[in-house]
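Participant: Could you look at this predicted model? Sequence included:
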Amino acid sequence: MKIVCFKWNHTGGYKLPSLNAIGQYTAQHVNNLYRSVQKHTTIPHEFICITDDPEGIECRTIPLWDKCRELGGCYNRLYVFSSDMKELIGDRFLCIDLDCVVTGSLDELLSRDEDFIINKFYGVAKEQYYNGGLFMMDAGARSEVWDRFEQDIEGALEVMDKRKKKREILGTDQAWISHVLGRGEALFDDEEDGVMAYYKLRNSRDGVGKELPDKACMVLFAGQIDPFTCYHANRWIQQHWGGESYPQRKDYIKELNQQLKKGRLLCGYDMDLINPRSMSEKILHNKIFARPDIVEYADKAKAYELVPEEIRVPILQVVDDEKDLLLDIPVIIKPAHSSGRNLIYGTGETKGAIKRKARHALNESYGADKMEWHYSKIKKQLVVQPLLDLASPSDYKLHMIHGKVAYIQTFEKIGGKNYSSLYTPKWERMNVRNKNLVHGEVDKPKPLRYMSDMAERLSKGFDYVRIDFMLTKDDEVYFSEFTFFPHSGFMQFIPIAFDFKMGELL
């Protein structure tokens, strides 16, 4: 028995609703599902991920094929119905979506022997019978699903478009499966197999925050929610899913309302975090439902291990106590567990003054008042690095959306005030500003192409991240930090329209 999941970066074509709120799925999703399956079955099997990016994945991987990937959605997954799968995967396999939580034993489910079984569809489309989030089959058992699609892709899309307009079917690959196979296939369902749809649990007496029914062995999510985004409200997800999100707190709703009021004040419009459209709304959404793996990226002590050595500033010390600071040469001191709290020694302040500020930084619990829970997961340490001879401006902040440069922000502190300007990836000045004062015209930095290429490399797998670089007077580029929630999500763009323009990309 093979158990198969898929992970790939969606770059064009039909955009899945989940990408608007959840972003691209990650190795963390794969690993969580892999570990859950191992925990909940005694049946011999091999877990496989079919992917275009195997980095960080713990199980066996198979390179993703490109049969119709440009169509977007999950059309490319239809190839799993091909008779070629017997050689590629094996005689029998179960396909399972990443947005799934395994909550009980899978042994009975995996022991079913029909040549094809698929999850029951729970929804409003009147002639859609199947949900593509879970199916098990003998390789090639329903090869007509792929064969008919491959023979006339344009015709298949035209037929589905007509049927979708009549609300007969819904989705991409699952819509085609229902269209080709019609009613009558063997089903996984909640009554017999314990395969639950999250939205039904949410609307039932066994809903959010309550215990799952005893029969439940698996919960499938859909649309703009997944185990990460629902983690804070469901104790059974916290128990069974390997991820971590904003912690369960009694005052969560109060804090969320405070964020919305703050957004209205700072950004100038009423925010919607259920259906986010602007860049600020989507960053706020990401902040509340943050991925657990961002902790090591936000940790100033560990982040340097995640970037190429050629752009690392040497680390002279990492200390837990300010008394251990050497301060023999000009240095910059960065608290590993916070942001915007850097200290500079060698430009005027005494060692005693710097150590007093460093002690305060070590004692600070940063981020709690901003719902930036991930900082509380970082060990409180001070990272000491040599002070570089920086250019003016020294900081270049590349805002990366789905691995591409959306815009570049210069930054410089002058007389205690922050100045910045925004540029396109081609270094065209943008008539946009944010909360900082406007910086003067900045010449195109010589290593711009290098910074852009490096930022694309470092931002891979994130829907949004800001990659910060420092530029020396000798045009040398050094990594500064990963930033996931600039201004805590309140971007304060003028004009506001730019916020929504960037939101369309995100």
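Facilitator: That came through fine. This structure is a prediction, so every number in the text was calculated from the model and none was measured. Numbering: from 1, shown residues only.
Participant: dump the residue contacts of Tyr304.
Facilitator: 312-313, 315, 479 (C-beta atoms under 8 Å, 6 or more residues apart in numbering). From N, CA and C alone the C-beta is placed, and that goes for glycine too.
Participant: Give me the subset of those lying in strands.
Facilitator: Phe479 (DSSP state E).
Participant: Pick out the most distant pair among the contacts of Tyr304.
Facilitator: Ile315 and Phe479 (11.8 Å; C-beta to C-beta).
Participant: so where is this protein shaky, pLDDT-wise?
Facilitator: Low-confidence segments of the chain (pLDDT under 70): 15-23, 123-125, 202-211, 224, 228-229, 231-234, 242-253, 289-292.
Participant: Let me know the outermost residue of it.
Facilitator: Thr350 (42.8 Å; C-alpha atoms, centre = their mean).
Participant: got a list of what it touches?
Facilitator: Taking C-beta under 8 Å, 6+ apart as the definition, Thr350 has no contacts.
Participant: Could you look up the SS state of the residue lying closest to Phe121 once chain neighbours are set aside?
Facilitator: Nearest residue to Phe121, sequence neighbours excluded (C-beta to C-beta, 6 or more residues apart in numbering): Asn131, at 4.6 Å. Here Asn131 is recorded as strand under DSSP: H, G, I helix; E, B strand; the rest coil.
Participant: Quick one: the strands in the stretch 201-350 of the chain, in order.
Facilitator: Assigned strands in the stretch 201-350 of the chain, in chain order: 218-220, 317-319, 331-335, 343-345 (criterion: DSSP state E, counting those that start in this stretch).
Participant: and these, which is most packed in?
Facilitator: Across the strands of the stretch 201-350 of the chain, averaging neighbours per residue (mean count of other C-beta atoms under 10 Å) puts strand 218-220 on top, at a mean of 24.
Participant: Is Phe469 bridged to anything, and to what?
Facilitator: Here Phe469 sits in beta bridges with Tyr396, Phe479, going by DSSP bridges.
Participant: Compute the number of surrounding residues for it.
Facilitator: 23 (other C-beta atoms under 10 Å).
Participant: Run me through the strand neighbours of the helix or strand containing Phe47, direction for each.
Facilitator: Assessed by DSSP states H and E, Phe47 sits inside strand 46-51. Here strand 46-51 has these sheet partners by DSSP bridges: strand 2-7 (parallel), strand 60-63 (parallel).
Participant: what's the most buried one of those?
Facilitator: strand 2-7 (a mean of 21).
Participant: Need the contact partners of it.
Facilitator: 25-27, 29-30, 33-34, 37, 45-53, 57, 64, 74, 77, 80, 89-90, 92-98.
Participant: Using PDB, write down the CA coordinates of it.
Facilitator: Output of strand 2-7 as PDB, limited to C-alpha atoms (Å, rounded to 0.1, in the frame of the first residue of the first chain):
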ATOM      1  CA  LYS A   2       1.200   3.500  -0.900                       C
ATOM      2  CA  ILE A   3      -0.200   6.700   0.700                       C
ATOM      3  CA  VAL A   4       0.300   9.600  -1.600                       C
ATOM      4  CA  CYS A   5       0.100  13.400  -1.100                       C
ATOM      5  CA  PHE A   6       0.900  16.300  -3.500                       C
ATOM      6  CA  LYS A   7       2.700  19.600  -2.900                       C
END
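Participant: which residues sit in contact with the residue nearest to Phe121?
Facilitator: So Asn131 contacts 118-123, 174, 197, 220, 222 (C-beta under 8 Å, 6+ apart).
Participant: try 10 Å
Facilitator: Applying C-beta atoms under 10 Å, 6 or more residues apart in numbering to Asn131 gives the contacts 97, 118-123, 170-171, 174, 177-178, 187-188, 195, 197, 220, 222.
Participant: Show me what it is bridged to.
Facilitator: With DSSP bridges as the rule, Asn131 is bridged to Asn119.
Participant: same question, the one 5 residues further on
Facilitator: Here Met136 sits in beta bridges with Leu94, Ile117, going by DSSP bridges.
Participant: That one contacts Leu110, correct?
Facilitator: Yes: at 7.5 Å, Met136 counts as touching Leu110 under the criterion of C-beta atoms under 10 Å.
Participant: Need the overlap of contacts for those two.
Facilitator: By C-beta under 10 Å, 6+ apart, the residues touching both Met136 and Leu110 are 1, 3, 92, 94.
Participant: that older thread, can you go through the contacts of Asn131 and name the buried ones?
Facilitator: Among these, those classed as buried by 16 or more other C-beta atoms under 10 Å are 97, 118-121, 170-171, 174, 177-178, 187-188, 195, 197, 220, 222.
Participant: Looking at Ile315 and Phe479, which one has more neighbours?
Facilitator: Phe479 (22 against 15).
Participant: how much space is there between that one and Glu310?
Facilitator: Separation of Phe479 from Glu310 (C-beta to C-beta, to the nearest Å): 9 Å.
Participant: Looking at Met136 and Leu110, which is more packed in?
Facilitator: More crowded of Met136 and Leu110, by other C-beta under 10 Å: Met136, with 25 against 18.
Participant: Now do the domain split for this protein, please.
Facilitator: 2-225, 314-387 (automatic domain parsing).
Participant: doesn't Val37 make contact with His240?
Facilitator: No: counting by C-beta under 10 Å, His240 does not reach Val37; the two are 11.3 Å apart.
Participant: Need the overlap of contacts for those two.
Facilitator: Common contacts of His240 and Val37 (C-beta under 10 Å, 6+ apart): 102, 218.
Participant: in this structure, which helix has the most residues?
Facilitator: helix 252-267 (DSSP state H).
Participant: what's that helix packed up against?
Facilitator: helix 279-288 (3 or more C-beta pairs under 10 Å, 6 or more residues apart in numbering; DSSP states H and E).
Participant: Return the distance of the helix it packs on from the chain's centre.
Facilitator: 11 Å (C-alpha atoms, centre = their mean, to the nearest Å).
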